[in-house]
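Asker: How does the following fold in three dimensions:
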Amino acid sequence: MGKGQKKSSGFDYAAFEKSALEGLREGKGLVGEEGILKELMSHLVQSSLEGEMNYHLEQEKERGITNRRNGSTKKRVKTNIGEIEIEPPRDRAGNFQPSLIEKWDRTLNSGFDNQVIELYSIGNSLDDIQMHLKRMYGVHLSTGQLSAITEQVRSDIEKWQKRPLKTFYILLYLDAIHFKIRENGRVITKAVYTVYGVDADGYRDVLCLYVGQGAEGAKEWGRVLEHIQDRGVEDVLFFSVDGLSGFKEAILSVYPQSIVQRCIVHMIRNSIRFVDDVDMKGLVKDLKKVYQADDENQGSEALDQFEELWNHKYPEIGRAWRKNWTELTAFFGYNWAVRRLMYTTNPVEGLHRMLRKTTKTKGAFVSEKALTKILYLTLDRKEKVWKKEFMLTRRSNVISQENLVTVLKSMSNRNFNLTHFSEQSQLGEHGEKIGQN
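Answerer: Just a heads-up that it's a prediction; the model follows:
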């Protein structure tokens with residue numbers, strides 16, 4: 001085709017109909033290399049590209065840019081009905097970017113990409129999706145094609161994993177969730193390390209989902225924290241964690257000024273695990289006096305009283321609380337609203353329950369990439385659930401502006417950078433007060 005010459009958009013439908021009927025009588029299929037619909041598909045794709053070029057040139061003209069057609073190229077493209085040949089048009093300026101089939105693409109969107117990704121994100125296997133498309137739409141896509149469609153989100157995952165983070169977070173919840181993964185011909189269990197936080201503006205965010213090399217460990221957590229530090233997190237007020245050995249030391253090695261609170265809910269569960277049913281109600285009532293005390297001194301007195309009442313039958317409970325007293329009582333230094341924010345890792349456990357609903361039908365994932373793909377898609381689909389604002393300005397909040405300001409003013413032993421707060425931050429009006437104290 002010559003330069004500047006527009007490809008004819010005419011299509012002889014009568015001739016196509018005659019040819020198609022002859023093909024059907026000869027036993028030819030609708031799709032495949034000799035498929036009857038290939039010619040029609042080629043025409044529809046070519047017409048769409050020509051329409052895109054016409055629109056592009058009109059837009060260029062409206063912007064005062066001189067541009068025109070510059071011939072075309074030939075390209076073979078794979079579709080779900082077989083391979084077709086098309087001639088994508090070119091423009092003189094070389095800035096035409098077709099959306100139906102991009103310049104370097106060799107595969108036409110199946111038309112079901114969004115449905116496939118949505119079905120995959122709610123836990124359906126590739127076989128299930130294949131059967132669903134066949135039953136609902138009469139379309140057959142191979143599991144290889146379906147896998148390629150879901151892999152379209154890989155670049156989004158990589159961008160999400162490497163995105164810059166905010167410099168300051170009020171609180172980070174740390175917890176791990178375990179999955180089985182096939183590796184080197186065997187199935188192993190690996191921990192996925194989750195960092196779920198609340199920023200200075202009161203918004204929740206999943207900072208990272210990091211697949212470890214085995215079971216959960218404090219050293220691995222140290223590497224995770226160094227990773228988010230490299231991505232921009234300079235300061236964190238509070239960490240809420242479970243009772244993993246060495247957890248506090250790993251955190252303070254990266255963020256030495258932070259306050260580490262061990263999850264009270266986890267501690268209670270462990271404490272009452274072997275308590276007789278007949279003692280449960282009274283023991284829990286007495287234990288509640290310990291962690292609901294007004295301050296650490298009252299809490300210590302309540303623990304003394306608890307041991308006097310229950311040490312004869314359950315001495316291990318008092319010993320466990322005393323052994324972990326420092327980490328369990330970090331929240332005593334703050335008011336009730338702040339305590340409610342940091343005393344439990346329940347928010348990140350709720351996030352994990354949401355992920356489990358999607359992955360519960362999976363025996364073992366074929367690779368780490370397959371696991372991260374389904375976790376990312378679940379987070380993306382359920383963003384409104386986990387990315388809720390803490391509503392810092394309402395009475396029914398978890399923590400108010402005034403409460404957080406009080407906390408910051410009380411931390412006289414640590415440096416605090418006011419630039420952590422954005423101009424739009426809900427705490428902005430208190431910035432001067434914080435700086436003066």
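
Asker: in the stretch 201-350 of the chain, which spans are strands?
Answerer: Here the stretch 201-350 of the chain has its strands, by DSSP state E, counting those that start in this stretch, at 204-211, 235-241, 259-262.

Asker: Quick one: closest of the ones you listed to Glu58.
Answerer: Nearest of these to Glu58, taken as CB to CB: strand 204-211 at 41.9 Å. Any C-beta I mention is one placed from the backbone N, CA and C, and that applies to glycine too.

Asker: and the closest one, which residues are buried?
Answerer: For strand 204-211, burial by neighbour count (16 or more other CB atoms under 10 Å) applies to Arg204, Val206, Leu207, Cys208, Leu209, Tyr210, Val211.

Asker: Hmm, the third one is touching Asp199, no?
Answerer: The one in question is Leu207. No. Checked against CB atoms under 8 Å, the pair Leu207 and Asp199 is beyond contact range at 9.7 Å.

Asker: I'd like the strands of the stretch 201-350 of the chain as a markdown table, with distance to Ser42 and mean pLDDT appended.
Answerer: Output for these, formatted as a markdown table (distance: least, CB to CB, whole Å; pLDDT from 0 to 100):
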| stretch | distance to Ser42 | mean pLDDT |
| --- | --- | --- |
| strand 204-211 | 43 | 94 |
| strand 235-241 | 58 | 93 |
| strand 259-262 | 64 | 93 |
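
Asker: Next, format those as CSV and append distance to Arg353.
Answerer: Shown next, in CSV, are the strands of the stretch 201-350 of the chain (distance: least, CB to CB, whole Å):
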stretch, distance to Arg353
strand 204-211, 14
strand 235-241, 17
strand 259-262, 21
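
Asker: quick check, distance from stretch 261-269 to the centre of its chain.
Answerer: 26 Å (CA atoms, centre = their mean, to the nearest Å).

Asker: buried stuff in it?
Answerer: Of the residues in stretch 261-269, those buried (16+ other CB under 10 Å) are Gln261, Arg262, Cys263, Ile264, His266, Met267, Ile268.

Asker: Over to stretch 355-370?
Answerer: Buried residues in stretch 355-370 (16+ other CB under 10 Å): Leu355, Thr358, Thr359, Phe365, Glu368, Ala370.

Asker: Using a markdown table, please lay out these together with secondary structure.
Answerer: Formatted as a markdown table, the buried residues of stretch 355-370 follow (DSSP: H, G, I helix; E, B strand; the rest coil):
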| residue | secondary structure |
| --- | --- |
| Leu355 | helix |
| Thr358 | helix |
| Thr359 | helix |
| Phe365 | strand |
| Glu368 | helix |
| Ala370 | helix |
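
Asker: In JSON lines, list those residues along with pLDDT and distance to Asn297.
Answerer: As requested, these are exported to JSON lines (pLDDT from 0 to 100; distance: CB to CB, whole Å):
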{"residue": "Leu355", "pLDDT": "93", "distance to Asn297": "41"}
{"residue": "Thr358", "pLDDT": "90", "distance to Asn297": "46"}
{"residue": "Thr359", "pLDDT": "90", "distance to Asn297": "46"}
{"residue": "Phe365", "pLDDT": "90", "distance to Asn297": "50"}
{"residue": "Glu368", "pLDDT": "91", "distance to Asn297": "49"}
{"residue": "Ala370", "pLDDT": "90", "distance to Asn297": "53"}
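
Asker: Pick out the most distant pair among the residues you listed.
Answerer: Thr358 and Glu368 (16.6 Å).

Asker: what's Lys289 in contact with, if anything?
Answerer: Counting by CB atoms under 8 Å, 6 or more residues apart in numbering, Lys289 makes contact with Ala302, Gln305, Phe306.

Asker: My read is that the last one contacts Gly318, right?
Answerer: Read it as Phe306. Yes. The criterion here is CB under 8 Å, and Phe306 meets it with Gly318 at 6.4 Å.

Asker: would you turn the contacts of Lys289 into TSV with neighbour count, distance to Glu83 and pLDDT?
Answerer: What follows is the contacts of Lys289, written out as TSV (neighbours: other CB atoms under 10 Å; distance: CB to CB, whole Å; pLDDT from 0 to 100):
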residue	neighbour count	distance to Glu83	pLDDT
Ala302	18	76	95
Gln305	13	80	95
Phe306	20	75	96
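
Asker: Now, these that are in helices?
Answerer: Ala302, Gln305, Phe306 (DSSP state H).

Asker: Mind checking the pLDDT average for the lengthiest strand in the chain?
Answerer: Identified as the longest strand of the chain according to DSSP state E is strand 168-183. Averaging pLDDT along strand 168-183 yields 93.
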